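Visitor: Need a 3D model of the sequence below.
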Amino acid sequence: MRMRKAPMWGMVAALLAVLLMGGAAFAKKMELSFSTVYMNTHPTVVNAWTPWFKEMADLTGGNVEITYFNPNTLCPLNDTYDATISGMLGIGGNGQNLEVGSENWTMS
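Guide: Prediction:
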């Protein structure tokens, strides 16, 4: 099965937007919490997210640190969207079926 790349590109674009804000954005170290539906041992986390976290740290000289949290550790899985919008989570990823109506791209 081929992994869908759209969610990852969205997060890359969001982080690049932060990076393009200039040097003032990095006056302090930015620590972001990250949580999705996958456990930390899942191949998606191990082979995609973890290398991406390291790359973001390298690209920013260590000024952006992303820490992965397993689902339901910082907030209930069904509240991931609301926790991200409120700022409690730095980056949150969730199945659209768990957040009906929030960002449901399948509905017209």
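Visitor: Just checking, which helix or strand succeeds the helix or strand of the chain with the lowest mean pLDDT along the chain?
Guide: Ranking every helix and strand in the chain by mean pLDDT, DSSP states H and E puts helix 6-19 at the bottom, with a mean of 60. Downstream of helix 6-19, the first helix or strand assigned by DSSP states H and E is strand 30-35.
Visitor: Pairing partners for that next one, with directions?
Guide: Counting by DSSP bridges, the strands paired with strand 30-35 are strand 64-69 (parallel), strand 91-92 (parallel).
Visitor: Let me know which of these is the nearest to Ala48.
Guide: Set against Ala48 and scored by C-beta to C-beta, those come closest in strand 64-69, at 11.0 Å. Glycine gets a C-beta too; all of them are placed from N, C-alpha and C.
Visitor: for the next helix or strand after the closest one, which positions count as buried?
Guide: Using DSSP H and E, the helix or strand that directly follows strand 64-69 along the chain is helix 80-86. Across helix 80-86, burial judged by 16 or more other C-beta atoms under 10 Å covers Thr80, Tyr81, Ala83, Thr84.
Visitor: for the chain, what are the low-confidence residue spans?
Guide: Low-confidence segments of the chain, defined by pLDDT under 70, span residues 1-27, 95-108.
Visitor: Repeat the analysis, applying 80 as the threshold.
Guide: 1-27, 94-108 (pLDDT under 80).
Visitor: about what we covered before: with distance to Gly62 as extra columns, can I get the buried residues of helix 80-86 in a markdown table?
Guide: Output for the buried residues of helix 80-86, formatted as a markdown table (distance: C-beta to C-beta, whole Å):
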| residue | distance to Gly62 |
| --- | --- |
| Thr80 | 27 |
| Tyr81 | 29 |
| Ala83 | 26 |
| Thr84 | 24 |
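Visitor: Show me the two of those that sit farthest apart.
Guide: Using C-beta to C-beta, the buried residues of helix 80-86 span at most 7.3 Å, a distance reached by Tyr81 and Ala83.
Visitor: Mutual contacts of these two, please.
Guide: Counting by C-beta atoms under 8 Å, 6 or more residues apart in numbering, the shared contacts of Tyr81 and Ala83 are Gly92.
Visitor: Quick check: Val37 touching Gly93?
Guide: Yes. At 7.0 Å, Val37 counts as touching Gly93 under the criterion of C-beta atoms under 8 Å.
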